[in-house]
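A.B. asks: Kindly generate the corresponding structure for this input.
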Amino acid sequence: MAHLPIQKVFVSATILGAGMVAASAGGDTFDSHEGVFVHALNESGGDITITIEAVDLEIPTSEGGSRSVVDMVVTVPIAVVEGVFFQVPPAYISGGVVSMVYSSVTDITVGIFEVKHD
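C.D. replies: Here you go, the predicted structure:
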C-alpha cells in the first residue's frame with residue numbers, strides 16, 4: 001500500500017492529469033484534513049469502485065441520538081473525461097489518515113489535492 005502525498009492546488013490551476021499516479025494493488029493511504037480531496041480517473045473498460053472503511057461506526061445526530069456509519073463506496077465510471085472528485089468525511093479518517101482500496105487497479109489513476117485560497 002502506497003501513501004499518497006497531498007499536492008497544493010490553487011483555485012485558478014488546472015488539475016486534470018497533474019500529480020496523478022497509478023492506484024496501488026494493495027490500496028493507498030493519504031493524509032486528510034479540510035480542503036483535501038481525491039481525484040480519480042478511470043480509463044479501463046468498466047466501472048471501478050473505491051472503498052473507504054468507516055472508522056467511526058456511529059456518529060451523533062443533532063437530535064441527541066446516533067446513526068450508523070457504513071463504508072464509503074465511490075463509483076468511478078468509464079467515459080467521464082474529468083474523472084471523479086470527492087472529499088472524505090471525518091468518520092472515515094483515522095489519526096488524520098484515510099485508507100482506500102479499489103475493485104480494480106487496471107487503468108485507474110488517483111491524486112490527492114488541497115485547495116488553497118490566497
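A.B. asks: is it true that Val74 touches Ile50?
C.D. replies: Yes - counting by Cβ atoms under 8 Å, Val74 does reach Ile50; the two are 4.6 Å apart. Any C-beta I mention is one placed from the backbone N, CA and C, and that applies to glycine too.
A.B. asks: Pull the contacting residues for the one residue sitting closest to the centre of the chain.
C.D. replies: Nearest to the geometric centre of the chain sits Val38, at 3.9 Å (Cα atoms, centre = their mean). By Cβ atoms under 8 Å, 6 or more residues apart in numbering, the contact list for Val38 reads 30, 50, 74, 84-88, 100, 110-113.
A.B. asks: Just want to know which of Val74 and Ile50 has more residues nearby.
C.D. replies: Ile50 (23 against 16; other Cβ atoms under 10 Å).
A.B. asks: In contact with the more buried one, which residues are there?
C.D. replies: Val38, Ala40, Val73, Val74, Val76, Met100, Val101, Tyr102, Ser103, Val110.
A.B. asks: run the last query once more with 10 Å
C.D. replies: 23, 27-28, 38, 40, 42, 72-76, 84, 86, 100-103, 108, 110 (Cβ atoms under 10 Å, 6 or more residues apart in numbering).
A.B. asks: Would you agree Gly95 is in contact with Val55?
C.D. replies: Yes - with contact defined as Cβ atoms under 10 Å, Gly95 reaches Val55; the gap is 8.9 Å.
A.B. asks: that older thread, which of the contacts of Val38 fall in strands?
C.D. replies: Using DSSP state E, the members of the contacts of Val38 that fall in strands are Phe30, Ile50, Val74, Val84, Phe85, Phe86, Met100, Val110, Gly111, Ile112, Phe113.
A.B. asks: Alright, calling it a day.
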